[in-house]
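> Predicted model follows, preceded by the sequence.
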Amino acid sequence: MIFVIFETELAPDDRATFDQAVAGATAAVKAAPQGTLAYEWFADATGEQAIVIDIYRDVAALPPHSANAGPVMAEIFAIVDSKLELYGAAPEAMQRAMAEKRGATYGGPRIAGLA
């Protein structure tokens, strides 16, 4: 499995646009999950920080997920400061690509869990 943690900070003026984009991305993933096991968004009480936790069955789940949610996620990337972390069975090529494209860091392989 591959785990992605995407943390965001946004300006209060961008919250309505952000919420609309999150709803669009979630609807796109829900309509065609294809190996996306979890796609969960959370926000703090101020509304200025949010996090999404993605869990993918394997690397084959990423292209369909990107095709579905990618266009809306571009709207989110345009209005937030973000930090992206990868964990689990993320191949080295994926780690490099995400580091170059989004500044992602790789936190390490999975060593234990329930899923």
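Arrived safely.
> When you work out contacts or count neighbours from here on, use the C-alpha atoms and nothing else.
Will do.
> And the helices in the protein?
15-31, 62-79, 92-102 (DSSP state H).
> Save these as JSON lines, and put in distance to G47 too.
Output for these, formatted as JSON lines (distance: least, Cα to Cα, whole Å):
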{"stretch": "helix 15-31", "distance to G47": "7"}
{"stretch": "helix 62-79", "distance to G47": "14"}
{"stretch": "helix 92-102", "distance to G47": "23"}
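> Return the member of those having the minimum mean pLDDT.
Among the helices of the chain, helix 62-79 has the lowest mean pLDDT, at a mean of 90.
> what's in contact with it?
For helix 62-79, the surrounding residues in contact (Cα atoms under 8 Å, 6 or more residues apart in numbering) are 10, 14, 18, 21-22, 24-26, 28-29, 32-36, 56.
> could you dump it to PDB, C-alpha only?
Provided in PDB are the C-alpha atoms of helix 62-79 (Å, rounded to 0.1, in the frame of the first residue of the first chain):
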ATOM      1  CA  LEU A  62      -2.300   6.200  -8.800                       C
ATOM      2  CA  PRO A  63      -2.800   7.000 -12.600                       C
ATOM      3  CA  PRO A  64      -6.600   6.600 -12.400                       C
ATOM      4  CA  HIS A  65      -6.700   8.600  -9.200                       C
ATOM      5  CA  SER A  66      -4.600  11.400 -10.700                       C
ATOM      6  CA  ALA A  67      -6.800  11.400 -13.900                       C
ATOM      7  CA  ASN A  68     -10.000  11.700 -11.700                       C
ATOM      8  CA  ALA A  69      -8.900  14.200  -9.100                       C
ATOM      9  CA  GLY A  70      -5.900  15.800 -10.800                       C
ATOM     10  CA  PRO A  71      -7.800  18.600 -12.600                       C
ATOM     11  CA  VAL A  72      -9.500  19.700  -9.400                       C
ATOM     12  CA  MET A  73      -6.400  19.200  -7.300                       C
ATOM     13  CA  ALA A  74      -4.600  21.700  -9.600                       C
ATOM     14  CA  GLU A  75      -7.100  24.300  -8.300                       C
ATOM     15  CA  ILE A  76      -6.200  23.400  -4.700                       C
ATOM     16  CA  PHE A  77      -2.400  23.600  -5.400                       C
ATOM     17  CA  ALA A  78      -2.900  27.100  -6.800                       C
ATOM     18  CA  ILE A  79      -4.300  28.500  -3.600                       C
END
